[in-house]
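*Asks:* Structural data only, the sequence is not supplied:
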C-alpha cells in the first residue's frame, strides 16, 4: 500500500455545505484544482450539489438528506497533478472526513498510482471524471472521458476516413505531452493508420513536451517542422495547459499555413480559447464530448446554459462528467435506500442513468468486448481497458451512436466561433476548413463552407477497421505494462 503522508496545499476550498434543515451525506471531490481542467471539474460538481440540495435533497425511506461536498486537490506546487498529494488527500477524504463516495481523478499516474490502490484498500466507490487510465479495481467507475482505446479509435477515424480523403493528409507528426497516457495512444494510432490507410504518423520526430514547458521551449521543440516540406498535419495529444503554447507556436511559426492541427488538446475546449490565444487557434481541430450544436441528451443544452449563467463560460468535458457523477451517486443512494459506501457500491454496477453528457451504463467482465477477439493475444484480454465498470461505448461493448458516451471533433473558425465538424450532413455539423488559417478582422464575417457530401459515422462498429483490433492490442500491451508498473510500486511501498 502506498504511504500516505499529510501534506499541505496552497489552495483553500469552501465545501458545499447543505442547509441546516436536513442531515448531510458527505461526498468527496478530488481534482487538480490548480489547472483549468480541475476547476471545471470542481464547478460541475458544485452545480449538481447545489441543484440537488435546492430541489429538496436525497430521499431515503422517510428521511431527507442533503449533500455536503468536501473538496481536496491533487495539484502539486506547480498546479499539475501530483500522485503523492493525491494519495494523501484521498486518504483524508475517506478516513478523516468520512465521505462515502468520491468523484474526480485526472492523469494516469494519479489514478493508477494513488487513487485505485487507496479505494481498493478502503472499499470506497470512486467515479472517475477526468482520466483515460485502465480500470484495475472494482471500486472505480468511469464517467468520462471514454477510455484510451476509444480516444485512439476516434483519432484513427478522424485521420484515416476524413482528413486523408478530403484533405490529402498522408504524412502526420505526433506532438504529445510527456505523460503516460499519450505514449500508448500515439503508438496504436500510428500503427493502425500506416497499416490500413497508408498514412505515416511519425511519433519520434518531436520529443514529448514537458508539461511545464514555456512558450520558447515549445517553439524550440516544434522548430524541426518549420523546414519540413511533406508534413500535412500535426496530431496533438495534450491534456495539460501546455497545449495552449503548442497552439500559439503553431501559428507563430507559420505552421498553420500548410499543416492542420488536429487531435486531443483539452485546453482548446475552453470557450475563451480563441481569445486567449490571440486568434492562434483559428483552424485547430480538437476532440470534445459535446461541441456547440451537438446535444448528446435532451438535458445537455440546459446544463450548458445553467453552467454559463454561473461561471460565465461554457463547460468542458470534466464539468459535464463531474456534474453527472454527483447525480449518479444520488441515483445509487436512492435505489439502495442507504448511503454507506457499501450501499452505493452495491447499486453502481446496475446504473442506467441519463445524464447531460450521455446515458450511463457500466460494463461487466462478461460484456467488455471489442478487444476480446481472436486478434488479441489471450494474455492481453483482461487488460483491454474495459474489464468492468467502464462506459458503454463503441470500443467497449460495440454499442454505437446516441445515447451512449462517444466523442466528437470541433474546429475553431477564423471568426472566433467553434463548430462541430465532419458529419456534415447531420444537424449541427459544418464542413472542415483547410489551411492556410487566418483570423478574420470583422465581427460580422461568416465562414463560407462547402459541405462535404460524404458522411462518416465514427461510432460505427461494422467494418470500420479490419485490422483495428490488432492495433488496439498494442494499446492493451501498453496498458498492461503500465498497470504492472504501478502495482509493483504499490507492493514496494
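*Replies:* Nice, thanks for sending it over. Quick caveat: nothing in here was measured; it's all calculated off a predicted structure.

*Asks:* hang on, isn't residue 237 packed against residue 174?
*Replies:* Yes. Proximity of residue 237 to residue 174 meets the contact threshold set by CB atoms under 8 Å, at 6.7 Å. All C-beta atoms are positioned from the backbone trio N, CA, C, and that covers glycine.

*Asks:* what do those two both touch?
*Replies:* residue 186 (CB atoms under 8 Å, 6 or more residues apart in numbering).

*Asks:* Poorly predicted segments of the stretch 251-400 of the chain, please.
*Replies:* Low-confidence segments of the stretch 251-400 of the chain (pLDDT under 70): 365-387, 393-400.

*Asks:* so which helix or strand takes in the residue nearest the centre of the chain?
*Replies:* Among the residues of the chain, residue 145 comes closest to the average C-alpha position under CA atoms, centre = their mean, at 3.5 Å. Here residue 145, judged by DSSP states H and E, is contained in no helix and no strand.

*Asks:* can you pull the contacts of it?
*Replies:* 130-132, 151, 289, 317, 321, 407.

*Asks:* could you redo the last one with a cut-off of 7 Å?
*Replies:* Residues near residue 145 by CB atoms under 7 Å, 6 or more residues apart in numbering: 132, 289, 317.

*Asks:* From those, pick the one nearest residue 112.
*Replies:* residue 132 (11.0 Å; CB to CB).

*Asks:* how close does that closest one sit to residue 318?
*Replies:* Between residue 132 and residue 318 the distance is 12 Å, computed by CB to CB, to the nearest Å.

*Asks:* more neighbours, those two?
*Replies:* residue 318 (33 against 27; other CB atoms under 10 Å).

*Asks:* what's the closest non-adjacent residue to that one?
*Replies:* Once flanking residues are discounted, residue 318 sits nearest to residue 41: 4.0 Å by CB to CB, 6 or more residues apart in numbering.

*Asks:* For that neighbour, give me phi and psi.
*Replies:* Backbone torsions for residue 41, taken as degrees, to the nearest 10, come to phi -60, psi -50.

*Asks:* same deal with residue 32?
*Replies:* phi -80, psi 80.

*Asks:* and the residue nearest to it when sequence neighbours are not counted, what element?
*Replies:* Distances taken as CB to CB, 6+ apart place residue 38 nearest to residue 32, at 3.8 Å, with adjacent residues excluded. Per DSSP H and E: residue 38 is located in helix 36-54.

*Asks:* Next SSE downstream of that helix?
*Replies:* strand 58-60.

*Asks:* Which residue ranges make up the domains of this protein?
*Replies:* What automatic domain parsing lists as the domains of the chain is 24-145+297-361, 148-288+413-472.

*Asks:* Of those domains, which is nearest residue 391?
*Replies:* Going by CB to CB, the one of the domains of the chain nearest residue 391 is domain 24-145+297-361, 5.2 Å.

*Asks:* Contact partners for the spatially closest residue to residue 210 that is not a sequence neighbour?
*Replies:* Of all residues not flanking residue 210 in the chain, residue 178 sits nearest, at 5.1 Å (CB to CB, 6+ apart). Going by CB under 7 Å, 6+ apart, residue 178 touches 208-211.

*Asks:* returning to what we had before: ok, now which ones touch the residue nearest to residue 32?
*Replies:* 31-32, 75, 106.
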